[in-house]
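Q: Build me a model:
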Amino acid sequence: MFRSWFRDTQGKIADRIDRHADRYQNAGDVANGQEARMAAESARNAATVEEAREIERDFNRGHGRDDS
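A: Numbers count the residues shown, from 1 in each chain. Down below sits the predicted model:
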């Protein structure tokens, strides 16, 4: 999947992870929804965009997605 990395911000990355949280919670998977919310918060508070990207990559890998 193509992403405009040069346009990413910590907030945009966190928003992508938050959308995963919404999907998990809508499916009734509260535990994974909470994990996604925590990862999103970490990405939002990351010092750099690259740090936020690494949080997103780790989250995706841990949840069966490796499209980073």
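
Q: which residue ranges form the helices in this protein?
A: For the chain, the helices defined by DSSP state H cover 10-26, 30-44, 49-62.

Q: got TSV for these, with mean neighbour count too?
A: To be clear about C-beta, it is placed using only N, CA and C from the backbone, and glycine gets the same treatment. Shown next, in TSV, are the helices of the chain (neighbours: other C-beta atoms under 10 Å):
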stretch	mean neighbour count
helix 10-26	17
helix 30-44	18
helix 49-62	17
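
Q: Pipe the ones you listed into JSON lines and attach mean pLDDT per row.
A: Formatted as JSON lines, the helices of the chain follow (pLDDT from 0 to 100):
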{"stretch": "helix 10-26", "mean pLDDT": "97"}
{"stretch": "helix 30-44", "mean pLDDT": "97"}
{"stretch": "helix 49-62", "mean pLDDT": "96"}
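
Q: what's the nearest residue to Glu56 once chain neighbours are set aside in contact with, if anything?
A: For Glu56, ignoring the flanking residues on the chain, the nearest one in space by C-beta to C-beta, 6 or more residues apart in numbering is Ile13 at 5.2 Å. When contacts are counted by C-beta atoms under 8 Å, 6 or more residues apart in numbering, Ile13 touches 43, 46, 49, 52-53, 55-56.

Q: ok, now with 10 Å
A: Ile13 sits next to 3, 39-40, 43-44, 46, 49, 51-57, 59 when contact means C-beta atoms under 10 Å, 6 or more residues apart in numbering.

Q: what's the answer for Thr9, then?
A: Counting by C-beta under 10 Å, 6+ apart, Thr9 has contacts 15, 43-44, 49, 52.

Q: cool, Gly33 as well?
A: Counting by C-beta under 10 Å, 6+ apart, Gly33 makes contact with 18, 20-27.

Q: Confirm for me that Ala39 is in contact with Ile55.
A: Yes. The criterion here is C-beta atoms under 10 Å, and Ala39 meets it with Ile55 at 5.8 Å.

Q: overlap in contacts of the two?
A: 13-14, 17.

Q: And the residue in the chain sticking out farthest from the centre, what's its pLDDT?
A: The outermost residue of the chain relative to its centre, with distances by C-alpha atoms, centre = their mean, is Gly28 at 18.6 Å. Turning to Gly28, the model gives it a pLDDT of 97.
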